[in-house]
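In: Sequence unavailable; structure follows:
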């Protein structure tokens, strides 16, 4: 048990939609003490490799604000942060799975994820919140006539899990993650299919049985996160 929670329980969750007034969707999502602001904006035009194809694109950016951690984090203004680059590529790959790009026209969806406070699981919170922002944005763009048909084809959520002190745990906070012997991130859709699976033996190798256990607790977490997403999403999804 951790702070009154079982090994397959998520940290306290909260979602505040329309956190900012944008032309798309926005949400402030909290996984425990981790808080991430996610926004979705639609702009005309696509990268050069898609020009003239009639297809759209979705991309993501991720950043941690200077005060999001214990000590001040320098802004990524001159040289991109390698970790941030890896995470924003993960967010983009994950959320492109949610969209039929041919239904966007030659438009680009920008998903921006800014970590206001970090206590572990920022990438999984960003993906889960990013999908909510995306779906809210799609509803707005359809109502405004900026999109002619709904491009959403899958629901997407993400959660972390790991082995700490030889015990499987779901949704690790920073303290747990820093001591984890095994660290995993699961990105899945509503069918139970994997979009991305990241797993590392940090302190030691892990067994097939431990892997199966972490898969099981990860699925529990994904199911609960998707239920949360649906509770604040438009009726079309």
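Out: Great, that's in hand. Quick caveat: nothing in here was measured; it's all calculated off a predicted structure.
In: count of residues packed around residue 63?
Out: Look at residue 63: counted by other CB atoms under 10 Å, it has 18 neighbours. Where you see a C-beta, it was placed from the backbone N, CA and C, and this is true even at glycine.
In: My reading is that it lies in a strand. Confirm?
Out: Yes: counting by DSSP: H, G, I helix; E, B strand; the rest coil, residue 63 is located in a strand.
In: That one contacts residue 84, correct?
Out: Yes: using CB atoms under 8 Å, residue 63 is in contact with residue 84, at 5.9 Å.
In: Now for those two: what residues contact both?
Out: Common contact partners of residue 63 and residue 84 (CB atoms under 8 Å, 6 or more residues apart in numbering): residue 76.
In: Any idea how many residues pack against residue 167?
Out: Neighbours of residue 167 (other CB under 10 Å): 12.
In: list the contacts for it?
Out: By CB under 8 Å, 6+ apart, the contact set of residue 167 is residue 7.
In: isn't there a helix covering residue 186?
Out: No: using three-state DSSP, the assignment for residue 186 is strand, not a helix.
In: Can you name the residues that contact it?
Out: 158, 159, 160, 161, 194, 196, 197, 215, 218, 219, 221, 222.
In: Kindly report the same for residue 208.
Out: Residue 208 neighbours (CB under 8 Å, 6+ apart): none.
In: can you check residue 112 too?
Out: Residue 112 neighbours (CB under 8 Å, 6+ apart): 38, 39, 40, 41, 60, 61.
In: Surely it is in a strand?
Out: Yes: counting by three-state DSSP, residue 112 falls inside a strand.
In: any idea how far it lies from residue 88?
Out: 9 Å (CB to CB, to the nearest Å).
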